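Undergrad: got a structure for you, letters missing:
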C-alpha cells in the first residue's frame, strides 16, 4: 500500500529518479532475491516475510523523504518535529524511571531484569530505544550547529544522553560515547581545554545523574551501571561467544547456508543446533541469516553511505557521525532492520543531495559570470 501511494506521489509530481534512487532500488532487489532463496528452506516462513517487510519499509521511508523534502527549511521542520516527539518521550521516560525508584510504580517506559531497571521509552526494548536516542542526539546536534535555539537544544542533548545511560544498554553507551568523541575531534577543531571541558560535561552529567539515583541491582548491592559492565558470562548457553560459535557451525553445515544464510529472522529458530537466543551482533546476524551474498549486500550499502560523506566537510555533519554510531551499535544489536537507522540514512542522503544542489547552483553561477551571461 505504501509503495502504491508513493508511486502516485511520484507520478503526480512528475519526479524523475536519480542515480542515488536507482542504487537504493537495486540494493532492495538484491536483498529480495537473497531473502527469497532463504525462504525456500526457512523454518518459519512468516518470520521471513516480516524480515523482508522491515527492509522494504526502511528503503521506502528513505525514498519517500528524498522525494518529498526539497529545501533546507523543510528539513529543519522535519527534524524539529522528530525532536519534539522524542524529547517528550525522553522526559516522560525519565519521570517514569524516577517514579519506579521512589515509589515502585512500574510503567511501560521501564523494564526490570535481574540486573537493573532499564529505560525503554515506547519501544518496550532498551536496545531499540537506544537507537531512537542516537537519532535524536544527531538531530539535536544538527540544529545546534545551525545556530538554532541553543539553550533548548543543549537541554535536549543532556536529557537524551541521560536517558541513553539509563537504558543500561552497553551498545548504546559505546555508540553515544563514540559520537561525542568524534564530534569533539572533528566539529570542535581546534580543541582547547575549554572546549574539551564543555564536550565532556554532557556525558559526565549523564553518569553523575544516573549514579545519583542510587539504584542497586536486585539482590546484589551493586549499582547497575557497574553490574551491566561485569555481567558478561560467555560460558553459559545464552552467552554471546557461545551463540556466535554455534552460529558459525550452523552456517558451515550446509552449502546453501554458506551462500544465502539460514534465512531472514531464522537464526534463533534453530534450537536443534544449540541456538538459544538472538545473535546480539548486527554483522554476524546479517552474515548468518543472509550468507556470503548478504555480506556483499551489506558491504555495498556501507560503501554507498560512506561515499556520500567522504569529504571532510560532509564527514563532520552530525548525521554522518550518527550513522557511524549506528554501525558501532551494530556490534551489540541488529540495527539494520530498525526504522531509526533508515531514517538516519534518509537524513544523511538529504544533506548530501542539498549540498550537491548548492554546488551545482554555485558552479552555474560562476560559469554564467565567466561567460558574460546576465543572472536572473
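TA: Cool, the structure landed. In this text the structure is predicted, and so the values were computed from the model without any measurement.

Undergrad: Following the chain onward from the helix or strand of the chain with the lowest mean pLDDT, which element is next?
TA: Least confident helix or strand, the chain: helix 312-315 with a mean of 46, by mean pLDDT, DSSP states H and E. Next helix or strand after helix 312-315 toward the C-terminus (DSSP states H and E): helix 318-329.

Undergrad: Could you identify the helix or strand that succeeds that following helix?
TA: helix 339-371.

Undergrad: May I see the buried residues of that next one?
TA: Residues of helix 339-371 classed as buried: 340-353 (neighbour count, 16 or more other C-beta atoms under 10 Å). Glycine gets a C-beta too; all of them are placed from N, C-alpha and C.

Undergrad: And those, which is closest to residue 40?
TA: Nearest to residue 40, judged by C-beta to C-beta, of these is residue 342 at 26.7 Å.

Undergrad: Could you pull up the contacting residues of the closest one?
TA: 57-59, 61-62 (C-beta atoms under 8 Å, 6 or more residues apart in numbering).

Undergrad: Which residue comes closest to it once chain neighbours are left out?
TA: In space, and not counting its chain neighbours, residue 342 is closest to residue 58: 3.3 Å by C-beta to C-beta, 6 or more residues apart in numbering.

Undergrad: ok, the one you found touching residue 340?
TA: No: using C-beta atoms under 8 Å, residue 58 makes no contact with residue 340, being 9.6 Å away.

Undergrad: Which neighbours do these two have in common?
TA: Counting by C-beta under 8 Å, 6+ apart, residue 58 and residue 340 have no contacts in common.

Undergrad: can you count the residues close to residue 181?
TA: 14 (other C-beta atoms under 10 Å).

Undergrad: check which helix or strand covers it.
TA: Assigned by DSSP H and E, residue 181 falls in helix 170-186.

Undergrad: In the host helix or strand of residue 62, which residues are buried?
TA: Following DSSP H and E, one finds residue 62 within helix 45-68. By neighbour count on 16+ other C-beta under 10 Å, the buried set for helix 45-68 is 47-48, 51-52, 54-55, 58-67.

Undergrad: Could you tell me the angle between it and helix 339-371?
TA: Calculated by axes from the mean of the first three to the mean of the last three C-alpha atoms, to 10 degrees, helix 45-68 forms an angle of 30 degrees with helix 339-371.

Undergrad: for helix 45-68, the distance to its chain's centre please.
TA: Centroid separation for helix 45-68 versus its chain: 15 Å, with C-alpha atoms, centre = their mean, to the nearest Å.

Undergrad: other SSEs contacting that helix?
TA: helix 2-13, helix 19-39, helix 339-371 (3 or more C-beta pairs under 8 Å, 6 or more residues apart in numbering; DSSP states H and E).

Undergrad: try 6 Å
TA: Helices and strands touching helix 45-68, as assessed by 3 or more C-beta pairs under 6 Å, 6 or more residues apart in numbering; DSSP states H and E, comprise helix 19-39, helix 339-371.

Undergrad: As CSV, the ones you listed with distance to residue 112 would be great.
TA: Formatted as CSV, the helices and strands packed on helix 45-68 follow (distance: least, C-beta to C-beta, whole Å):
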stretch, distance to residue 112
helix 19-39, 36
helix 339-371, 24
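
Undergrad: which stretch among those helices comes nearest residue 298?
TA: With C-beta to C-beta as the criterion, residue 298 lies closest to helix 19-39 of the helices and strands packed on helix 45-68, at 9.5 Å.

Undergrad: Let me know the average pLDDT across the closest one.
TA: Here helix 19-39 scores 86 as its mean pLDDT.

Undergrad: Can you list the buried residues in it?
TA: Neighbour-count burial for helix 19-39 flags 20-21, 24, 27-28, 30-31, 34-35, 37-39 (criterion: 16+ other C-beta under 10 Å).

Undergrad: Tell me if residue 118 really is in a strand.
TA: Yes: the assignment for residue 118 (DSSP: H, G, I helix; E, B strand; the rest coil) places it in a strand.

Undergrad: where's it relative to residue 125, distance?
TA: Residue 118 is 9 Å from residue 125, where distance means C-beta to C-beta, to the nearest Å.

Undergrad: So which of the two has more stuff around it?
TA: Neighbours per residue (other C-beta under 10 Å) separate residue 118 from residue 125, with residue 118 holding more: 21 against 15.

Undergrad: For the stretch 1-150 of the chain, which residues score under the pLDDT cut-off?
TA: Residue ranges of the stretch 1-150 of the chain with pLDDT under 70: 1-17, 114-115, 147-148.

Undergrad: Kindly recompute the last result at 90.
TA: The model of the stretch 1-150 of the chain has pLDDT under 90 over residues 1-29, 38-48, 50-79, 97-118, 121-128, 135, 137-150.

Undergrad: coming back round to it: check which helices and strands the helix or strand following the helix holding residue 62 sits against.
TA: With elements assigned by DSSP H and E, the helix or strand that comes after helix 45-68 is helix 72-103. With contacts taken as 3+ C-beta pairs under 6 Å, 6+ apart, helix 72-103 sits against strand 110-112, helix 126-145, helix 150-166.

Undergrad: repeat that with 7 Å
TA: Packing contacts for helix 72-103, counted by 3 or more C-beta pairs under 7 Å, 6 or more residues apart in numbering; DSSP states H and E, involve strand 110-112, strand 117-119, helix 126-145, helix 150-166.
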